[in-house]
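**Student:** here you go, sequence then predicted model.
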Amino acid sequence: MLEPIIDRSSNASCTLCLVVPYNEEEMLPFFLRTVVPELETATGGHWRIICVDDGSRDSTFAIIAREYVADQRVSGVRLSRNFGHQAPVSVAATVDVSVTTIFPR
């Protein structure tokens, strides 16, 4: 079910860990180009993004892997299929114990 690419050693100075369920290759690069600079500013570079590919059949996970090679603060987990909206958060918390879940209203 899980295929993680996570460097657990980089958790030591993480201020914010953002869990992102994704299965759209077209939007992921735009999302990262937009969010990463904001995270840099807000946390002084102490951030992580865990992208959870929830069953996509496109190149979403290849994009996640490429981003991981460039910056190991962007990591990912690939699920075998879409398990619903809660699964990505649960999976990310399983592979990275520093994950804190915050749900918007």
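**Tutor:** Cool, got the structure. Everything numeric here is computed off the predicted structure, so don't read it as measured data.
**Student:** and the longest helix for this structure?
**Tutor:** helix 28-43 (DSSP state H).
**Student:** so the following helix or strand past that helix versus helix 28-43, what angle?
**Tutor:** With elements assigned by DSSP states H and E, the helix or strand that comes after helix 28-43 is strand 47-54. Interaxial angle, strand 47-54 versus helix 28-43 (axes from the mean of the first three to the mean of the last three CA atoms, to 10 degrees): 150 degrees.
**Student:** from the chain's centre, how far out does strand 47-54 sit?
**Tutor:** Computed by CA atoms, centre = their mean, to the nearest Å, the chain-centroid distance of strand 47-54 equals 1 Å.
**Student:** pairing partners for it, with directions?
**Tutor:** Paired neighbours of strand 47-54 in the sheet (DSSP bridges): strand 16-22 (parallel), strand 74-79 (parallel).
**Student:** ranked by average pLDDT, which of those falls at the bottom?
**Tutor:** Of all those, mean pLDDT reaches its minimum on strand 16-22 (a mean of 76).
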